[in-house]
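S.K.: Requesting a structural model of the entry that follows:
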Amino acid sequence: MQDAGFTITKTKEGDNPIYEVRYSNGAPPIIAFSKKYDDPFNHNQDFAAVMTCSHADENCPIILGATKRIALTYDDPKAFDDTPQESVKYAERVQQIGRELFFAFSKVNQSLNN
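M.R.: I've put the predicted structure just below:
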(Lines give C-alpha, C1' and ligand atoms only; values in the text may rest on other atoms or scores of the structure.)
Protein backbone atom coordinates (compact mmCIF):
# COMPACT_ATOMS: atom_id res chain seq x y z
CA MET A 1 0.00 0.00 0.00
CA GLN A 2 3.05 2.24 0.27
CA ASP A 3 3.17 2.13 -3.53
CA ALA A 4 -0.35 3.60 -3.50
CA GLY A 5 0.71 6.51 -1.25
CA PHE A 6 0.00 5.29 2.27
CA THR A 7 2.62 5.85 4.98
CA ILE A 8 3.09 2.63 6.93
CA THR A 9 5.18 2.37 10.09
CA LYS A 10 5.72 -0.86 12.00
CA THR A 11 5.28 -0.10 15.72
CA LYS A 12 5.59 -3.63 17.11
CA GLU A 13 7.59 -6.62 15.93
CA GLY A 14 6.78 -10.26 16.59
CA ASP A 15 4.41 -12.97 15.41
CA ASN A 16 1.64 -10.41 14.93
CA PRO A 17 3.26 -7.05 14.09
CA ILE A 18 1.33 -3.83 14.54
CA TYR A 19 1.40 -1.00 12.00
CA GLU A 20 0.34 2.64 11.92
CA VAL A 21 -1.18 3.43 8.54
CA ARG A 22 -1.59 7.04 7.46
CA TYR A 23 -3.43 8.21 4.38
CA SER A 24 -3.03 11.92 5.18
CA ASN A 25 -0.68 14.03 7.28
CA GLY A 26 -3.63 15.63 9.07
CA ALA A 27 -5.50 12.44 9.93
CA PRO A 28 -4.86 10.16 12.90
CA PRO A 29 -3.17 6.84 12.09
CA ILE A 30 -5.15 3.69 11.51
CA ILE A 31 -3.82 0.87 13.68
CA ALA A 32 -3.51 -2.29 11.61
CA PHE A 33 -2.79 -5.83 12.69
CA SER A 34 -4.24 -9.27 12.18
CA LYS A 35 -7.19 -9.75 14.52
CA LYS A 36 -10.50 -11.52 14.81
CA TYR A 37 -13.77 -9.63 14.58
CA ASP A 38 -14.36 -9.88 18.34
CA ASP A 39 -10.85 -8.75 19.34
CA PRO A 40 -11.13 -6.28 22.26
CA PHE A 41 -9.20 -3.70 20.21
CA ASN A 42 -12.06 -3.43 17.71
CA HIS A 43 -14.94 -1.08 18.28
CA ASN A 44 -18.18 -2.93 18.99
CA GLN A 45 -20.52 -0.14 17.90
CA ASP A 46 -20.57 2.95 15.69
CA PHE A 47 -17.90 1.80 13.21
CA ALA A 48 -17.68 1.30 9.47
CA ALA A 49 -17.19 -2.24 8.20
CA VAL A 50 -15.15 -2.36 5.00
CA MET A 51 -15.75 -5.61 3.12
CA THR A 52 -12.80 -6.25 0.81
CA CYS A 53 -13.65 -9.58 -0.73
CA SER A 54 -16.81 -10.70 -2.47
CA HIS A 55 -16.99 -13.84 -0.28
CA ALA A 56 -17.15 -11.76 2.92
CA ASP A 57 -19.59 -9.29 1.39
CA GLU A 58 -21.95 -12.08 0.29
CA ASN A 59 -21.62 -14.29 3.37
CA CYS A 60 -21.60 -11.69 6.16
CA PRO A 61 -24.84 -9.78 5.57
CA ILE A 62 -24.90 -8.36 9.11
CA ILE A 63 -21.94 -6.84 10.93
CA LEU A 64 -23.15 -6.28 14.48
CA GLY A 65 -22.56 -2.73 15.69
CA ALA A 66 -21.58 -1.31 12.31
CA THR A 67 -23.29 1.94 11.41
CA LYS A 68 -21.80 1.90 7.90
CA ARG A 69 -21.01 -0.94 5.55
CA ILE A 70 -18.69 -0.26 2.64
CA ALA A 71 -18.24 -2.96 0.01
CA LEU A 72 -14.93 -2.58 -1.82
CA THR A 73 -14.64 -5.97 -3.46
CA TYR A 74 -11.67 -6.87 -5.63
CA ASP A 75 -10.77 -9.49 -8.18
CA ASP A 76 -7.99 -11.55 -6.63
CA PRO A 77 -4.80 -11.14 -8.67
CA LYS A 78 -3.78 -14.67 -7.62
CA ALA A 79 -5.44 -15.83 -10.84
CA PHE A 80 -2.35 -14.44 -12.58
CA ASP A 81 0.25 -16.12 -10.36
CA ASP A 82 3.10 -17.69 -12.34
CA THR A 83 2.08 -15.91 -15.55
CA PRO A 84 3.83 -13.10 -17.43
CA GLN A 85 1.05 -10.72 -16.22
CA GLU A 86 1.53 -11.47 -12.50
CA SER A 87 3.43 -8.32 -11.46
CA VAL A 88 1.26 -6.04 -13.60
CA LYS A 89 -1.98 -7.45 -12.17
CA TYR A 90 -0.77 -7.18 -8.56
CA ALA A 91 0.35 -3.58 -9.17
CA GLU A 92 -3.03 -2.75 -10.73
CA ARG A 93 -4.84 -4.15 -7.71
CA VAL A 94 -2.64 -2.21 -5.26
CA GLN A 95 -3.43 1.02 -7.10
CA GLN A 96 -7.16 0.24 -7.21
CA ILE A 97 -7.31 -0.64 -3.50
CA GLY A 98 -5.25 2.43 -2.63
CA ARG A 99 -7.52 4.82 -4.56
CA GLU A 100 -10.68 3.40 -3.05
CA LEU A 101 -9.33 3.33 0.51
CA PHE A 102 -8.06 6.92 0.23
CA PHE A 103 -11.56 7.91 -0.87
CA ALA A 104 -13.31 5.90 1.87
CA PHE A 105 -10.98 7.18 4.62
CA SER A 106 -11.36 10.77 3.46
CA LYS A 107 -15.16 10.44 3.64
CA VAL A 108 -15.00 8.93 7.14
CA ASN A 109 -12.59 11.66 8.29
CA GLN A 110 -14.84 14.31 6.71
CA SER A 111 -17.92 13.01 8.53
CA LEU A 112 -16.03 12.94 11.85
CA ASN A 113 -15.07 16.58 11.44
CA ASN A 114 -18.58 17.79 10.53
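S.K.: Averaged pLDDT, stretch 68-82. What do you get?
M.R.: For stretch 68-82, mean pLDDT is 86.
S.K.: Could you do stretch 18-36 as well?
M.R.: Mean predicted lDDT for stretch 18-36 stands at 84.
S.K.: residues in contact with that stretch?
M.R.: Stretch 18-36 has contacts (Cβ atoms under 8 Å, 6 or more residues apart in numbering) with 1, 5-12, 16-17, 41-42, 101-102, 105-106, 109. C-beta: built from backbone N, CA, C; applies to glycine.
S.K.: rerun at 10 Å
M.R.: 1-2, 4-12, 14-17, 39, 41-42, 98, 101-106, 108-109, 112-113 (Cβ atoms under 10 Å, 6 or more residues apart in numbering).
S.K.: Which among those residues count as buried?
M.R.: With burial judged by 16 or more other Cβ atoms under 10 Å, the buried subset of the contacts of stretch 18-36 is 1, 4, 6, 98, 101-102, 104-105, 108.
S.K.: Format the residues you listed as JSON lines; extra columns: pLDDT and distance to residue 54.
M.R.: Listed next are the buried ones among the contacts of stretch 18-36 as JSON lines, based on pLDDT from 0 to 100; distance: Cβ to Cβ, whole Å:
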{"residue": "1", "pLDDT": "85", "distance to residue 54": "20"}
{"residue": "4", "pLDDT": "86", "distance to residue 54": "21"}
{"residue": "6", "pLDDT": "89", "distance to residue 54": "23"}
{"residue": "98", "pLDDT": "88", "distance to residue 54": "19"}
{"residue": "101", "pLDDT": "83", "distance to residue 54": "17"}
{"residue": "102", "pLDDT": "84", "distance to residue 54": "21"}
{"residue": "104", "pLDDT": "79", "distance to residue 54": "17"}
{"residue": "105", "pLDDT": "76", "distance to residue 54": "21"}
{"residue": "108", "pLDDT": "69", "distance to residue 54": "22"}
